[in-house]
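Peer 1: fold the following, please.
(one chain, ligands or ions: 1)
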Amino acid sequence: MRWEDLTGDQFEQAVAASQGVCLVPLSCIERHGHHAPLGTDMFIARAVCERAAQLEPVIIFPDFIFTQILEARHCIGTIAIQPELILQLLENICREIARNGMKKIVLVNAHGGNQSLLPFFLQSQLASQRDYVVYLTAEPKFATDHAGLTETSALLAIRPDLIHMAQVPSDGEGAPRQRLAHLAAQGILTGIWWYADHPTHYAGEALGATAEGGEAMLNQAAVGLANAIRTIKADATAKALQDAFYATTQHQ
Ligand SMILES: [Zn+2]
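Peer 2: Residues are numbered from 1 along each chain as shown. Okay, the predicted model is just below:
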């Protein structure tokens, strides 16, 4: 059930049917090589959530595209939000979801650039008391490239009209350039690492992508997410521990 599709009258029933679980599909708008749309991650997050909702009743929050993508600011078409504002927006929407009756909020991430943001956001839940729990599901295994074989296959399954296979480069543009290999060799990281490897925001190899492959990967991800939703519906421990934790943070 997509949040925005429901009428106000239907909403309360939908909250009950979802047992208070709400998925938040997280993505961003950024360049995906020469051949894939700026909204590639948005389409994938939406598809995985919608397919999972077919298997297990759940409410899906509207596409949340305002996540971490500062490293693509040099590419036209990118929508990069300031880091402090991203955290505030995430916090704000979680409070809105909870205020509307859903106390189990599940972040479903389809954008690799959020891998440090989201665990930090979870940790920040401990800063002040709240009556809901935020869960982060494992990222779909297939979304490990960027406009490469898996994302391109997924888009061929979801929106083939937006994929331009003739524009896929044949010169190995998707291979990492390793311009910071001398730092990486000693485990040293900087914020410019992605730009160092993939300045054109193409990582992997899209040649060979197929809609059938995309279908299979999306369905596999949906089954995994549906299982996670069932586990989260049954979970009472995280909330109990969170409440106990908040209670013991008051030293008066
Ligand atoms: Zn992507």
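
Peer 1: so what's residue 28 up against?
Peer 2: 41, 42, 65, 66, 67, 68, 69, 78, 79, 111, 113, 114 (C-beta atoms under 8 Å, 6 or more residues apart in numbering). Bear in mind the C-beta positions are built from the backbone N, C-alpha and C, glycine included.

Peer 1: and it, which helix or strand is it part of?
Peer 2: If you go by DSSP states H and E, residue 28 is not part of any helix or strand.

Peer 1: skipping adjacent residues, who's closest to the closest residue to the ion within the stretch 1-150 of the chain in space?
Peer 2: With C-beta to the ion, the shortest gap between the stretch 1-150 of the chain and the ion falls at residue 41, namely 4.1 Å. Nearest residue to residue 41, sequence neighbours excluded (C-beta to C-beta, 6 or more residues apart in numbering): residue 27, at 3.7 Å.

Peer 1: just the buried residues out of the contacts of residue 28, in PyMOL syntax.
Peer 2: To isolate in PyMOL the members of the contacts of residue 28 that are buried, counting by 16 or more other C-beta atoms under 10 Å, one can use:
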select buried, resi 41+42+65+66+67+68+69+78+111+113+114
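
Peer 1: can I get the contacts of residue 28 in a markdown table with distance to residue 170, secondary structure and pLDDT?
Peer 2: Formatted as a markdown table, the contacts of residue 28 follow (distance: C-beta to C-beta, whole Å; DSSP: H, G, I helix; E, B strand; the rest coil; pLDDT from 0 to 100):
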| residue | distance to residue 170 | secondary structure | pLDDT |
| --- | --- | --- | --- |
| 41 | 25 | helix | 96 |
| 42 | 28 | helix | 97 |
| 65 | 31 | coil | 98 |
| 66 | 35 | coil | 98 |
| 67 | 32 | coil | 98 |
| 68 | 31 | coil | 97 |
| 69 | 27 | coil | 97 |
| 78 | 25 | coil | 97 |
| 79 | 30 | coil | 98 |
| 111 | 27 | coil | 94 |
| 113 | 26 | helix | 93 |
| 114 | 31 | helix | 94 |
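
Peer 1: can you redo the contacts of residue 28 as a markdown table with distance to residue 217?
Peer 2: A markdown table is the format used below for these (distance: C-beta to C-beta, whole Å):
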| residue | distance to residue 217 |
| --- | --- |
| 41 | 14 |
| 42 | 17 |
| 65 | 22 |
| 66 | 26 |
| 67 | 22 |
| 68 | 24 |
| 69 | 23 |
| 78 | 25 |
| 79 | 26 |
| 111 | 16 |
| 113 | 20 |
| 114 | 19 |
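
Peer 1: still on that earlier bit, tell me if I'm right that the residue of the stretch 1-150 of the chain closest to the ion and residue 113 touch.
Peer 2: No - at 9.0 Å, residue 41 and residue 113 do not qualify as touching, with contact defined as C-beta atoms under 8 Å.
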